[in-house]
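Trainee: Below is the structure, and that's it, no one-letter string:
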């Protein structure tokens, strides 16, 4: 073993040496490649003498790289030696049969690379030289020839990979030369190899056919689709003795023939000439070659789309298609190997093509519906995991959702093409599920899922009138009680489906009692599964929003049916785990639905007050009792008391959503008094326990609601509310506080000025201390939760100042008790307007300055409302923001938001110039 062989072994066996030694070995090998002529002789020598596989691979790889990357540097005198040596390795003196496949593949790649560069002008006969002559040829040479054709296809000829213009030109040149010179001989070789080795060496026969499949796309189809080759291919498919590999290779060739691009009329004749019925008539055989059925069907469909039902030599594309469709359905139902996406894509194409289906085509569409229903069923093995979802159940649910996407899209396509067939199909499924006590969870869930999707395809008029079988289907749905209704998956999709068809009930009020029964009994809100119950509450709330006027006659029945749910929601038996729920479905929607019902003006005033008191009084009494007990014993979070108080506030908040300000304050003030009394009780939480963050957040949310419905009558409460919300407030609390103040300003405008003057010093003093005087730090480790909270607080502060300025409340900033904070606020605004990385926030600050200039710089004689503000604007704002910040390289004019900011700066400068009575150049 010489030094080169040792170096090669170190390169390919990295674990055998340290990094430094391996680096030396790699450098040594690279130096050996420096001279192309010497490399050629070195590699040929080692290929002949060395017994080491890594050395053989290195030599072949070096030759391949030299041909591919450094062909011009190879001396012309050495090229004949290179050609003859590679041909010898491929045919005359091939690599030993025991050589690893990757060695033969690398040799094939080197030959293919040389053929691409030299064939046919410089090297006219590589294929004729390597073409094995059967039966005398050695199996190794047959194998090598197949690998050569595969490598040539992969590296140059195939259109399956993106090619450069030069590669495409080379491919065209090679194909044209092969067609003229050797393609017929190669085709004969494929036939001989498949015939000769089908029994003695099936894998070699399969390799030859796999190569042929690749070349069918561009060679003369008559060389393959003839009386000799086609019977051989089908014999290989049908023969019981054929191996799976050989059968699949033969089927691949037949599919390649069927997919050959040609005129559709010629394609129909070609498809008819293929005896595929011999395959499709045997179900077991179809499952062994599933891609042949779907591919053949796709080609027949393409012909039908182009030719219609026209007959070509006694055959029509539609006949060919209908002959193969049963096999496609069978494959989709039974085969685990077929790519489902390809079958669904074909069926989708088929459905959209059948715009006016015949009776026979409608039957096929019905078969498609059956296949879809079978494909979307869950595996019964996961039934328990899906009922009380654990990690396995959630993963199965996610996977099924992804699996169903294209299938349900296909279902919707069938619905649109043949609504009558689809409705009959759903009807039969419902009848079967309801009539059998053995209907499984999976079957019922799939049936309801399809019914739900049917609703997506029904237009508004059909939904309203219940055209076709829709009325009967909805009647069946509303009266359904499936044996497996207790399962979570069935209950959830049942409720979703009922909700989907709620617009039908809107125009057919006779079904309102059925809808109420669905939501109020054990199928809905009273379902034993908490997730189902909460989802039912949310969907019931949506139904109330749509049908509340039609629910009024049943109001007493509804409220009575919800009494136990209401009591349970505010019980003291909750745990943190129970309160975790998806999205906003926390069960409070039951109270929102109640509020929407009893908050209508259709309800008589006395009854309305009675209903509301029946809910508010128990909740307030329970809340007062909990607070009284908490004051005596203390209150900490998390605890059952905190969770219960939280639930009560959520219930009160949701209940209030059904009442409007006009009803509460004008038409029925007694309702307003009840809500004000409720607010007083809730505010005790802020007074007594301001440091319990969860309660503080829920209380703030409730105050937002009371501002919305009580209007100006909430004023007496505001000083206490705002004062308590400022107690022990952290940055996140200050954000919530400022959002509330913004709501008050937007709703009441200048009427709230006195309250703002009173609280502004507390706000400003807190924010000036908390917010940084300079820009926030950036870089690794700076994006902490604390920094994000401060950034959110900064954005909210500027929104607050912007709202104040635009509601004529800038006078608050210059009130006697607020003036001490004005300079600090202006400095914060200036810094942000000039250099903040958030362009939209800079725009907001510039707009604030524009409004303050208009409000405080009243004329040109210097009699300003705020002494010194005019000078600040001219010397600081106009210079730093309107000039220097625009000139900074970070000011990108191609950015849309930056252009908007520039427009605001121009407007600010215009106002500044008018108010200062001096042009910009003089001021600078």
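Mentor: Ah, there it is. Bear in mind that the values here come from a model prediction, so they are computed numbers and not experimental data.
Trainee: burial measure for residue 864, as a count.
Mentor: By other CB atoms under 10 Å, 16 other residues sit near residue 864. Where you see a C-beta, it was placed from the backbone N, CA and C, and this is true even at glycine.
Trainee: ok so it is a strand residue?
Mentor: No. Judged by DSSP: H, G, I helix; E, B strand; the rest coil, residue 864 forms no part of a strand; its state is coil.
Trainee: What pLDDT does the model give it?
Mentor: We have a pLDDT of 72 for residue 864.
Trainee: got it, and residue 481?
Mentor: On the pLDDT scale, residue 481 gets 89.
Trainee: and it, how many residues sit next to it?
Mentor: 11.
Trainee: now it: how far from residue 730?
Mentor: 52 Å (CB to CB, to the nearest Å).
Trainee: and if you look at residue 901?
Mentor: Counting by CB to CB, the gap from residue 901 to residue 730 is 31 Å.
Trainee: So those two - more neighbours on which side?
Mentor: Neighbours around residue 901 and residue 730, counted as other CB under 10 Å, are more numerous at residue 901. The numbers are 24 against 12.
Trainee: list the helices and strands the strand or helix carrying residue 492 packs on?
Mentor: Assigning secondary structure by DSSP states H and E places residue 492 in helix 488-500. Where contact means 3 or more CB pairs under 8 Å, 6 or more residues apart in numbering; DSSP states H and E, helix 488-500 is packed against helix 383-387, helix 441-457, helix 470-478, helix 512-520, helix 530-551.
Trainee: any residues touching the helix or strand that it is followed by, and which ones?
Mentor: Counting by DSSP H and E, the next helix or strand C-terminal to helix 488-500 is helix 502-507. Residues lying outside helix 502-507 but in contact with it, judged by CB atoms under 8 Å, 6 or more residues apart in numbering, are 460, 463-466, 470-471, 474, 511-512, 515, 542-543, 546-547, 550.
Trainee: Closest to residue 864 out of these?
Mentor: residue 542 (56.0 Å; CB to CB).
Trainee: I'd say that closest one and residue 499 touch.
Mentor: Yes. Residue 542 lies in contact with residue 499 (CB atoms under 8 Å); the separation is 6.3 Å.
Trainee: more crowded one of those two?
Mentor: residue 499 (22 against 14).
Trainee: The residue most central in space within the chain and residue 340, how far apart?
Mentor: Centroid-nearest residue in the chain, with CA atoms, centre = their mean: residue 402, separated by 9.9 Å. Residue 402 sits 11 Å away from residue 340 when distances are taken as CB to CB.
Trainee: before we move on, the earlier item: could I have the PyMOL command that selects the buried members from the contacts of helix 502-507?
Mentor: This is how PyMOL selects the buried members of the contacts of helix 502-507, with burial counted by 16 or more other CB atoms under 10 Å:
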select buried, resi 463+466+470+474+511+512+515+543+547
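Trainee: how about low-confidence regions in the stretch 501-650 of the chain?
Mentor: For the stretch 501-650 of the chain, the stretches with pLDDT under 70 are 572-584.
Trainee: ranking the helices and strands packed on helix 488-500 by burial, who's on top?
Mentor: helix 441-457 (a mean of 22; mean count of other CB atoms under 10 Å).
Trainee: Centre of the chain to the helix ranked longest in the chain, how far?
Mentor: Assignment by DSSP state H gives helix 605-633 as the longest helix of the chain. Computed by CA atoms, centre = their mean, to the nearest Å, the separation of helix 605-633 from the middle of its chain amounts to 45 Å.
Trainee: Please apply the same query to stretch 105-116.
Mentor: 43 Å.
Trainee: just stretch 264-283 next, same as before
Mentor: On CA atoms, centre = their mean, the centre of stretch 264-283 falls 40 Å from the chain's centre.
Trainee: Please identify the buried residues of it?
Mentor: 264, 267, 268, 270, 271, 272, 274, 276, 279, 280.
Trainee: Check stretch 827-847 too.
Mentor: For stretch 827-847, by 16+ other CB under 10 Å, it's 828-836, 839, 841-847.
Trainee: Then stretch 146-163?
Mentor: Neighbour-count burial for stretch 146-163, counted by 16+ other CB under 10 Å, picks out 146-158.
Trainee: do the same with stretch 765-784
Mentor: 766, 767, 770, 771.
Trainee: try stretch 817-825
Mentor: For stretch 817-825, by 16+ other CB under 10 Å, it's 818, 821, 822, 824, 825.
Trainee: can you check stretch 188-206 too?
Mentor: Result for stretch 188-206 [16+ other CB under 10 Å]: buried residues 189-198, 201-202, 204-206.
Trainee: Reformat the buried residues of stretch 264-283 as TSV; add pLDDT, distance to residue 394 and secondary structure.
Mentor: Shown next, in TSV, are these (pLDDT from 0 to 100; distance: CB to CB, whole Å; DSSP: H, G, I helix; E, B strand; the rest coil):
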residue	pLDDT	distance to residue 394	secondary structure
264	92	49	helix
267	93	48	helix
268	93	50	helix
270	94	50	helix
271	94	47	helix
272	93	51	helix
274	94	47	coil
276	94	44	coil
279	95	42	helix
280	93	41	helix
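Trainee: Sort out which one of the residues you listed lies nearest residue 349 for me.
Mentor: The nearest member of those to residue 349, counting by CB to CB, is residue 264 at 15.4 Å.
Trainee: Is the closest one in contact with residue 308, as I believe?
Mentor: No. Contact criterion CB under 8 Å: residue 264 and residue 308 do not qualify, at 10.3 Å.
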